[in-house]
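**Student:** Next input, structure requested:
(4 chains)
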Amino acid sequence: MSGKRQATLGQVLPTGTWSEPDPAPEAAAEPTPAVTPVPADAEAALPPADKEKPTVPTPASLFRRPKRRIVESDDEPELAQKPSLPNPKAAKASDDGPASTPAPARADAPAQGKPKPSPKQAKKKAAGKASKSKSNEAEDDSDSDSPKGSSAGPSSSSGPAPAAQSSDSGSSPWTRGQPVPYKTLCATFELIQATTKRLEIQSHLTDLFRSVIDLSPQCLIECVYLCINRIGPEYEGKELGVGESLLVKAVANAMGRDVKSIKAELDQVGDLGTVAQSKGHQKTIFSAKPLTVTSVFAALKAISNISGQSSQQRKIDAIQKLLVSCSGSEAKFLIRSLEGKLRIGLAEQTVLMSLAHAAALSDSKIAAMPSEKRAAMMAEAAAKIKQVYSAIPSYDLIIPALLEYGFQHLEDHCHMTPGIPLKPMLAHPTKSLTEVLDRFEGMAFTCEYKYDGERAQIHKLENGTVVIYSRNSENLSGKYPDIIERIPNVPKPGVKSFVLDCEAVAWDVKKQCILPFQVLSTRKRKDVQTTDIQVQVCIFAFDLLFLNGEVGTGLDCAKPLITETLKRRRELMYESLNEIEGQFQFAKSMTSSNVEEIQTFLDDSVVGNCEGLMVKTLEKDSSYEPSKRSRNWLKVKKDYVNGLGDSLDLVVIGGYIGRGKRTGWYGGYLLACYDEDREEYQTICKIGTGFSEDQLAEHAELFKPHVIPGPKPYYKYSDNPNVRPDVWFEPAQVWEVKAADLSISPVHKAATGTIDPNKGISLRFPRFIRVRDDKSPDQATTAAQVAEMYRSQNINPIKGTNMGAADDDFEY
DNA sequence: GTTATGGTTAATC
DNA sequence: ATCCGACAAATTCGG
DNA sequence: CCGAATTTGTCGGATGATTAACCATAAC
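**Tutor:** As a prediction, this is how the structure comes out:
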């Protein structure tokens, strides 16, 4: 089956051009892989990671699944094994005909070359040809197991001269200096997708990057962005403006099918990319120029720039045009890129590491080192890249510097710069104060209120400019002009610039108190004028990441503080800035290791409308370097604590067909509470997290006999397409669910008429806890109880929550 | 043409 | 946001 | 003291409610 591999991959190609005479185009356009570092020296090659794993072919193929399951299924197609979901839509659509035809895109991709395809699947695959191509050398077959073992680093990285192979279709050779063929990238994606081992993924990506650095370094940035699925630095705020709905239309157009049939197939296959790939069968126009990383990236940017009248249609057209040029697995990944999720098991951290390793190995001296030394250099490169990235997380800046100066001197050219947002430090959820004490035992630590607002990283530059970034590095300056105006009043004399980590919280100016998150979220987001702000905000600062003109030290040069201890950073923050009541305050904090004191502090925070506490070490491991440990802080919320928090027993009345990892099961369910007076079930939320895979499977099975064709007359629900379930159930089971809060809902119906005349109540952060077999549906939490829970959480009367009364609450 | 309504998307948590 | 699962890394255990 | 067993930490990807912005289209 893999004939081709041998021929092409086995040999060392001259650096330069690889084109490959490969015929077999028609054959279902097999993607082929791609990049292989060719071991130049005798080192002979640690064979690059080949993912030869003996894994059984994954059927649904496209998604990695727990090994356990794979094993079980062994030779049964996994799909078959999953309880098939009743799917009205699908059923219906099925007559559309085409749906069935496209044999599910045989993605075989991941399928290992491994033989052992299950019966049915086997045929498809076989036919499809699985040329599994691996990225290793010829003999890969034999050596199979990965050497990757230890640290030596991902195997593949060994050989010095990287080489790349274009894959099959002679249509896309990769020539030095020319743009990287998109097919090459996709081939790497296929390899990555075939495994769950991170080191292996890393090594495949390293191979690709090495080749790119060697052959077409100008494409490195684009490759990196495509790998992490972005079209530029986050702070530039570029968005594709393309969602599933548009994509489905585009795919339908491109394939000459109707939207309904595409949707039906999507439900069945669980991945729109796969659906689109099956287009491969209709073979694309010859004239279409092969896509390159550069052209695809440019196209994505172009799509993001489309706006205005008929922009939707223009986007669809643009996407369709791209799709038509796709062959092999390109369509699959292109669609997934547009969806914003590659779902390959690859994301930022892995990309960063691969980049570092590739950079190291692209240095011929390093590549030639004995493996131990080489591994050490790779580790050093990794550490440097991480460090630099935590100070200035911008590929636009790092990659050019990396290419020009190499990783050793990267830090001299890339350093923290006010105006460029840092990745925020995150917190790890903690179940109890006891757990906190355990973790931080023997270390100095401090507690702060966890405010319920929006993360805000405030940069004040020397030139007076103030910029605010969100948790995801989006520029919030247009949303908070009021904050920007007040910031100049904050620094003490001598403080010229700084970067602060804060939480922006909705603030009741009259009552001088904090308002709930739901109020904050109603703030306008774009081009806000200070004069017509409806929701005032108070900033609660809790960390200082950069300071110029350090008070008291006379220091005059720009000073990044991220490597300082929290203790020091906080001292500097207190020394350098002034609080302004109701506008700019420091997060309330307390340092103690006494459990009772901390417990009291926690209780107070909740009473004060906060979510709980953040707990942070003051000295040891207290630097602000997300790359070191992005979740180095702990958070304690009352709803994490067992037995505390809002827990409800709700009835399952509907299910949603799962996607990706959950293909073949329900990905989520619709829950309702019981209204005793009206004798009806009122929706309160959907739920999609908290269950193990086993439970997911059990649930799918259990509800099978309870599926009903339509909602019961005594179900109160919204017909909003986001709420209406794919499948309805009769009331059969009660689940215990936990939530952080209750909110007024625009779509759910629980307790409608009690808190708000027209709106129901819903849950914030709902998650599945367990099945309540001891309760029948009519013993579920009642609407009255829901209403009571809602009332009891507003200790501090908030006006904003009730939209009806919202009018009276602005002004001051 | 302008306005109201509805659907989609991306952003926050 | 919460949560789960696969890996990798770190730590402890047993001889 | 080393290798095996166990625990802890990282990372990636499923999924939640809610809102403003934007666009398409219907209503006027």
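**Student:** how close does A:Tyr451 get to DNA strand C?
**Tutor:** Taking Cβ to the nearest atom of the strand, to the nearest Å as the measure, A:Tyr451 and DNA strand C are separated by 10 Å. Every C-beta, even on glycine, is put in place using the N, C-alpha and C of the backbone.
**Student:** Hmm, that residue is touching A:Gly608, no?
**Tutor:** No: the pair A:Tyr451 and A:Gly608 fails to qualify as a contact (Cβ atoms under 8 Å) at a distance of 9.1 Å.
**Student:** ok and the residue in the stretch 651-800 of chain A nearest DNA strand B?
**Tutor:** With Cβ to the nearest atom of the strand, the shortest gap between the stretch 651-800 of chain A and DNA strand B falls at A:Pro721, namely 5.1 Å.
**Student:** so who does that residue touch?
**Tutor:** Under the criterion of Cβ atoms under 8 Å, 6 or more residues apart in numbering, A:Pro721 has no neighbours.
**Student:** Model confidence for it, exactly?
**Tutor:** A:Pro721 is assigned 95 on the pLDDT scale.
**Student:** next one: A:Arg525
**Tutor:** 97.
**Student:** residues contacting it?
**Tutor:** The contact partners of A:Arg525, taken as Cβ under 8 Å, 6+ apart, are A:478-479.
**Student:** about what we covered before: quick check, the residue of the stretch 651-800 of chain A closest to DNA strand B in a strand?
**Tutor:** No: note on A:Pro721: no strand contains this position according to DSSP: H, G, I helix; E, B strand; the rest coil, which reports coil.
**Student:** Quick one: name the residues of the stretch 401-550 of chain A near DNA strand B.
**Tutor:** Taking Cβ under 7 Å from any atom of the strand as the criterion, the stretch 401-550 of chain A approaches DNA strand B at residues A:452-455, A:470-472, A:474, A:517, A:521.
**Student:** List phi and psi for the residue of the stretch 651-800 of chain A closest to DNA strand B.
**Tutor:** phi -60, psi -20 (degrees, to the nearest 10).
**Student:** quick one: it and A:Glu244, what's the gap?
**Tutor:** Taking Cβ to Cβ, to the nearest Å as the measure, A:Pro721 falls 11 Å from A:Glu244.
**Student:** does any part of stretch A:756-767 sit near DNA strand C?
**Tutor:** Yes: judged by Cβ under 7 Å from any atom of the strand, stretch A:756-767 comes into contact with DNA strand C through A:765, A:767.
**Student:** Flag every buried residue along that stretch.
**Tutor:** Burial within stretch A:756-767, assessed by neighbour count using 16 or more other Cβ atoms under 10 Å, is assigned to A:756, A:759-764, A:766.
**Student:** Around DNA strand D, pick out the residues from the stretch 451-600 of chain A.
**Tutor:** Neighbours of DNA strand D within the stretch 451-600 of chain A, by Cβ under 7 Å from any atom of the strand: A:518, A:521-526, A:528.
**Student:** Of A:Tyr451 and A:Gly608, give the one with the bigger neighbour count.
**Tutor:** When neighbours are counted by other Cβ atoms under 10 Å, A:Tyr451 and A:Gly608 differ, and A:Tyr451 comes out ahead with 26 against 14.
**Student:** Pull the contacting residues for the nearest residue in space to that one that is not next to it in sequence.
**Tutor:** Spatially, and ignoring its direct neighbours in sequence, A:Tyr451 is nearest to A:Glu503 (4.2 Å; Cβ to Cβ, 6 or more residues apart in numbering). With contact set as Cβ under 8 Å, 6+ apart, A:Glu503 has these partners: A:451, A:453-456, A:539-540, A:542, A:587.
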